[in-house]
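A.B. asks: Let's see this in three dimensions:
(chains A, B and C)
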Amino acid sequence: MNTLMIDGKYIEVPEGTTILEAARRAGIYIPTLCDDPRLEPYGACRLCLVQVKGMPRPVTSCTTPATDGMEVQTSNEQIERIRKTIVELLLSDHPNDCMVCEKAGDCTLQELAYFYNLRENRFWGERRQYTRKDANPFIERDMEKCVLCGKCVRVCEEVQGVAAIDIAYRGFQAKVCPPFERDLDCEFCGQCVSVCPTGALIGKQSLGKGRQKDIKRVDTVCPYCGCGCNITLHVSRNEVIRVTSEPDTLNEGWLCVKGRFGFRFVNSPDRLKTPLIRRNGRFEEATWTEALGYIASNLKRIKKQYGADAIAGLSSARCTNEENYLFQKFMRAVIGTNNVDHCARY
Amino acid sequence: MILKKGVVLQESLERILEDYHRSDGNLISILQNLEEEFGYIPQDAVYWFAERLDIPPAKFFGVATFYAQFHLKPRGKNIITACCGTACHVKGAERIINSLTRELQIPSGEDTTEDREFTVEKVNCVGACSIAPVVIINKEVHGKMTPEKLMKEIKNLRRGR
Amino acid sequence: MGREVEIKICMGTGGLAAGGRAVMNAFAEGLKAEGIDAKVSENCSIHQVGCRGFCARDVLVDVIIDGKRTTYQYIKPEMVEQIIKNHIIGGEVVQDWTVKEDYQAFHDKQVKVVLADCGEVDPEDIDSYISRRGYEALQKVFREMTPEKVINTIEASGLRGRGGAGFPTGVKWDFARRNPGDVKYIICNADEGDPGAFMDRSVIEGNPHSVIEGMIIGAYAIGAHHGYVYIRAEYPLAVERLKIALEQARQRGFLGRDILGSGFDFDIKIKLGAGAFVCGEETALIASIEGKRGMPRPKPPFPAQKGLWGKPTVINNVETLANVPAIIRNGALWFAKFGTEKSKGTKVFALTGKVNNTGLIEVPMGISLREIIYDIGGGIEGGRKLKAVQTGGPSGGCIPAEYIDISVDYESLARMGSIVGSGGMVVMDETDCMVNIAKYFLEFTQAESCGKCVPCRIGTKRLLEILSRITDGRGRPGDIDLLVTLSEDVKAGSLCGLGQTAPNPVLSTIKYFRDEYEAHIHEKRCPAGVCKNLLTYTIIEEFCKGCTMCARVCPAGAIVGEKKQPHHIVQEICIKCGACFETCKFKAIKKG
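C.D. replies: Residues are numbered from 1 along each chain as shown, chains lettered A, B, ... in the order given. Now for the predicted structure:
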C-alpha cells in the first residue's frame, strides 16, 4: 500500500493505483474527458493535470501512478488556467449547437463549459467540417462534435476486440472513422456510444425522442439472455427511447447489440401481452390459468398415451440460469425424460 | 482497378506477405511495400492483408493516413502542379487547370487520369509571381504558362513514355 | 611514377547533387586514359568520402600526393582533365581552383570528434574505417571493460544526448541496465526531421561505422541483444550506406553471435520511418517501430522501464552514439576537456541562413555565437546587420544580436529561451521578419502535430491562425498577450516534446522583438518588409525611366504609364507580389 497526500488529505491506495483513481476514492473531483477506469489510460485530453511536488511540470493524473509519500495538488492557478484553455480550444472547434443537441444535459463538454463559465471564447478559427452522414442503421456519427478522447476506439479494441474504427489522419485533421471512411459496418454493440462524452456518437433510435431532463430512468435486467446484464431504460412520454447500463453493475456497463439497441419490441403493437391458444385453427387470447391448465392436461395425456420420451422440452437462452435449471428439473423429474435442450445451441 | 490485373496483383501480395513473415515485418512495412509496388495503398490489398493477418482494416487505414509517405489514391507518373497564388489566379490559373482537366480527361472530383499517367495538383503561391501563371511539371518550374504551351508539354510527356 | 596519389571526392548528398559521381567517373576515366588504372594501381587510388561540411563549395576534391594535400572546390567533370595533366602528372597545382583562406577559416575554429573521419574515410569500405582506429574501442571494451565500467566512462565523460533534450547518456544507460529483464533494446534515432538540420544524415553517410560501433558498445553496456536504427526513408543514400556498413560489420564478426569471441550477441535491424516528424519523440518512435500510428504516450513509464514491446529500451541519437567510440578510445577525461562545466564535448550544427559560409560545423560546447557566425560562418551575407540567430529549429528560439557573445551550451541557450536542440542554426539579418519566422516554424509544427492531445492539436492551430492574421494585417490589440498565454498553456499542457516546445519560436520572438509584433498589429507595417499584405509598392518618379519592364511583368496589370514616362502603380489593383520590385533595373520601386 502507498500513502500519498492529495490536497492535504492522506490517502492509502494499493500499488499501481493512479493519482486520478486515488483522488476519486478520496472524493476529490478532477475533470477529465478521455479517462475511463475500465480502459487503458490514454492521457490525451490533458484536463486531469495535477501538480506533483518535485516534478518540474504538471502531470496527467490518469497516467501517473500514485507512489508512497507523493504530494499532489489537484488545482492551482496554472492548472485551472490550462484546463480553461483546453475547454475553450475544444469549443473553438465544436459546433456548439447545444440547444438542438441530443446530448445536452448529459454532455461532459457542456458541463465543463458551464463549470468554467465560458460565455465567451478567446479563440476562434477554422472548424472541422464533416458533412457526410454515416448510413449505418444504429449509430449517428457526428464527427464535428468529436473531441478525440479516443474512448470509442479503445473500447472497440480493448473491450470488444473488434477495432472497427481507429483514429485516422493526424493533427487538426485527426478523425475517428471506419476504414477508408466507409459507413460503419460492425457488430453495432454500441459500446462506443456508451463511452462518448459528447454528442459525437448517439443511438439513432433516440434521435428527437426527448431531452435528457425529461427522461425517466428505470433500472431493470436485460431480457435477452441468461447473462442478466443490468440495464437502465430511458423512458420519455411512456416510450422506451434508449437503453444504457451503469459502469458499477455486474456487467460493468457493457452491453451487446441486442441489449443496447434491441428494445423496440417493448413499444411494438405486435407484442404479445396474453397467452394464445389455437382453437379451430386460429389463435385466441386466453388467461394464464387457462393456458397453463391446457398445457398441463395435454402433457399428462401425451405421457400416458405415448410415454415420457414422446415429450421434448426446448428452453430459451433468454431465461436465467435458475429458470433453466428448474426447467430441466421439471422435464426430468416431473415429465421423466432427458429430452431437454435450449435455443442457444443452434 | 486492381482486379483487372488479378493475377499480377495476387503474386505481388503473396510476395509482400512472404517478406512480412521473413523479416518480422509490421503494418508499416506492409504499407511501405504496397506503396512501392503500386504507387499508392489499394483498398483491396488492405482488405486482403487484413484477412490474412487478422489485423482489422481500420488499423491499416489509421496508419496509412498518419504517415506522409502513403497515398490512398493512385498518383500519376507525371505530377503537374498548378500554382494558385494570387498572381497566378489573376493571370488565369483557373483557365489552365480547367483546360488540363479537360485535355487529360480527369474524372470530376479526382486528380489523376485513369491510365495513371498524370496527376494534377494545386499549390499555394510558389513565389514566382513575375512569371505567373506558373505550372510545375515533374519538379521543373515553367512560367508564363498558357493552355496551348501546356498542351505541348503534355504531348511531349506522352510521347516520352 | 613512384608517387603515392590519393584522390578523395566528396559524395555526401550535397556532393552527389553537385555532380560528385560524374567527377569521380571523370577522374577514373582521365587517369585510365593517361595509363593509370586508378582501381588496381597500388600507388594511385580514388575514394568517395562523406560530407566534410562545406557543401556550398561542392564538388570538393582532395588530391593527396605523397601526403601533401591540395583541396579543390567547385569542381565539375570538365575541369578534371586539367587537374590530372597539370597537377597529378605535371606536379603543378591548379591554383585558380583550389580552396582559399576562407576555407581554412571555416575549419580553424572547429573541433572534430564526431565528424573527424567524415570526409576522410570511404563510408562504403570498412577497412577504410578500421585503418583509422575503427572498432578499436569495441575491442578495448571486450578486452578490458565490464558493462559497468563502460557506463562509468560515459558518465564521467559528461556526454549528453545530442538529439535535443541533453539528458546524460551514461545515466540513461545505467537506468536501462538496472531495469530487470532478459530482453532489452537499443535504438538509434536517425529520424532527423527538423527543417534545416542534416547532421545525422551526414554522419551516417560519411561514417556509418562510427554509429554502429557506438551502438554495439551501448548494447553491451545495457545488456541488449537487439538493436534498431530508425531512419527516415527520405534519406536513401544514408540508408544504403548503413545497409552496406551493417553487412560488412557482420562479415567481420562485429555483429552477430559471439562478437569477437566475447560471448556477446548483438545485431542491428533498420526500420524506415514513413514521414512523420513526431516520430523523433521516443514513445512515438517506439510506436512506429511496432508498426502503429506514431502517437506519443505519457511518461512514466519511461522507455528505459517499458519501451519497445514493453521491454527496457534505450534510444540514442546518431550524433550521441558516434561520440561513444572516441570517448572509449581516448578516455573520459579527453572528452571532458572540451566544452563547459555542464556541457561537455562538441556539437555539430547545421549553419544556414544569411551567413557567407553555410554548411555543417562541429564546435566545442561553450564557443561563442560570435565565433560561429563571424569566424566560421564568415560574417553576414552582403555585409548586412545580424538580427538574430535561431537555434533548435521548430522547438527552439531566437537569440537576438545583442547576445551574440553568449556561450553555446545547453544551459546558456536554455536561459535565453532557446535550446541546443538537434543542431539547426539559422542566422537572420535585418531583412528577416521575426513574426514571419515564428509563423514559419508554427506552420511546420502544426502540420506535424499528431493530434492526440488537445493543447497541441487545437492550440498550435490557433497560434498559427493568430500569427497569420497578424502578418496579414488583421492583427488585433491584445493578440500579443493572447499568443503569450496560449503559448504558455500549450507548453505546459501538451503531452510530448513536440507540443511542449512548439510555442518556443513564438515566445522568444515576442520576448526580444515585441516591437515588430506591435508594428504589424498597430501600424499595419512589417518593419523588415517581408509580410506581403503589409507592403505597398510605389514608383519613385525621378528614378523611373519609363522602360515599361515593370508594367510587363505585373501579373495584375496594376502598373500604368506611357513609354519613357514615369509609371505609376494603381494600389487598388496591386496584389503585392513584388514582381516589379525584382525586375526594375533602376531601383525606382519602393517597398514599404
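A.B. asks: Would you double-check that residue C:285 falls in a helix?
C.D. replies: Yes - when classified by DSSP: H, G, I helix; E, B strand; the rest coil, residue C:285 is found to be part of a helix.
A.B. asks: Might you report the residue contacts of it?
C.D. replies: With contacts defined as C-beta atoms under 8 Å, 6 or more residues apart in numbering or on different chains, the neighbours of residue C:285 are C:187, C:189, C:191, C:230, C:279, C:294, C:315. C-beta coordinates here come from the backbone N, C-alpha and C atoms, glycine included.
A.B. asks: and chain B, which of the residues you listed reach it?
C.D. replies: Among the contacts of residue C:285, the ones lying close to chain B by the criterion of C-beta under 8 Å from any C-beta of the partner chain are residue C:294.
A.B. asks: Could you identify the helix or strand that succeeds the helix or strand of chain B with the lowest mean pLDDT?
C.D. replies: The helix or strand of chain B with the lowest confidence, counting by mean pLDDT, DSSP states H and E, is helix B:86-90 at a mean of 77. Towards the C-terminus, the helix or strand next in line after helix B:86-90, according to DSSP states H and E, is helix B:93-104.
A.B. asks: Can you give me the buried ones in that next one?
C.D. replies: Buried positions in helix B:93-104, judged by neighbour count with 16 or more other C-beta atoms under 10 Å in any protein chain shown: B:93, B:96-97, B:99-101, B:104.
A.B. asks: could I get these as CSV with pLDDT and distance to residue C:81?
C.D. replies: Putting the buried residues of helix B:93-104 into CSV (pLDDT from 0 to 100; distance: C-beta to C-beta, whole Å) gives the following:
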residue, pLDDT, distance to residue C:81
B:93, 85, 47
B:96, 88, 46
B:97, 88, 49
B:99, 86, 49
B:100, 88, 46
B:101, 88, 51
B:104, 89, 46
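A.B. asks: which of those lies closest to chain C?
C.D. replies: Closest approach between those and chain C, by C-beta to the nearest C-beta: residue B:93, at 10.2 Å.
A.B. asks: correct me, but that closest one touches residue B:82?
C.D. replies: Yes - in terms of C-beta atoms under 8 Å, residue B:93 counts as a neighbour of residue B:82; the distance is 5.8 Å.
A.B. asks: show me the residues around residue C:225 that make contact.
C.D. replies: Residue C:225 makes contacts with C:183-184, C:219, C:265-267, as judged by C-beta under 8 Å, 6+ apart.
A.B. asks: now the strands: where do they sit in the stretch 401-550 of chain C?
C.D. replies: When secondary structure is read from DSSP state E, counting those that start in this stretch, the stretch 401-550 of chain C shows strands at C:424-429, C:537-539.
A.B. asks: residues in contact with the lengthiest helix in chain B?
C.D. replies: Counting by DSSP state H, the longest helix found in chain B is helix B:6-22. Here helix B:6-22 makes contact (C-beta under 8 Å, 6+ apart) with B:2-3, B:25-26, B:29-30, B:33-34, B:37-38, B:44-45, B:48-49, B:52-53.
A.B. asks: Against residue B:33, how distant is the residue of chain B most remote from its centre?
C.D. replies: When each C-alpha in chain B is compared with the mean C-alpha position (C-alpha atoms, centre = their mean), residue B:22 comes out farthest, at 29.8 Å. Relative to residue B:33, residue B:22 is positioned 12 Å away (criterion: C-beta to C-beta, to the nearest Å).
A.B. asks: Centre-most residue in chain C?
C.D. replies: When C-alpha atoms, centre = their mean is applied to chain C, the residue found nearest the centroid is residue C:197 (2.4 Å).
A.B. asks: For that residue, which three-state class applies?
C.D. replies: What three-state DSSP gives for residue C:197 is coil.
A.B. asks: Who are the contact partners of it?
C.D. replies: If you count contacts by C-beta under 8 Å, 6+ apart, residue C:197 has them with C:350, C:393, C:421-424.
A.B. asks: nearest spatial neighbour of it, skipping sequence neighbours?
C.D. replies: residue C:424 (4.2 Å; C-beta to C-beta, 6 or more residues apart in numbering or on different chains).
A.B. asks: what do you get for residue C:106?
C.D. replies: Setting aside the residues directly before and after it, residue C:106 is nearest to residue C:357 in space (C-beta to C-beta, 6+ apart), at 5.0 Å.
A.B. asks: for the stretch 251-400 of chain C, what spans make up the helices?
C.D. replies: For the stretch 251-400 of chain C, helices defined by DSSP state H, counting those that start in this stretch occupy the ranges C:282-289, C:318-330, C:332-336, C:369-370.
A.B. asks: Need the contact partners of the last one.
C.D. replies: Outside helix C:369-370, the residues within contact range by C-beta under 8 Å, 6+ apart are C:389, C:399, C:403-406, C:408.
A.B. asks: would a markdown table of those with distance to residue A:100 and neighbour count be doable?
C.D. replies: What follows is the contacts of helix C:369-370, written out as a markdown table (distance: C-beta to C-beta, whole Å; neighbours: other C-beta atoms under 10 Å in any protein chain shown):
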| residue | distance to residue A:100 | neighbour count |
| --- | --- | --- |
| C:389 | 54 | 29 |
| C:399 | 52 | 23 |
| C:403 | 56 | 17 |
| C:404 | 59 | 17 |
| C:405 | 63 | 9 |
| C:406 | 58 | 17 |
| C:408 | 58 | 25 |
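A.B. asks: if we look at chain A, which of the residues you listed are close to it?
C.D. replies: Here nothing survives when those are matched to chain A using C-beta under 8 Å from any C-beta.
A.B. asks: For the residues you listed, work out which two are farthest apart.
C.D. replies: Distances among those were taken as C-beta to C-beta; the most separated pair is C:389 and C:405, at 11.9 Å.
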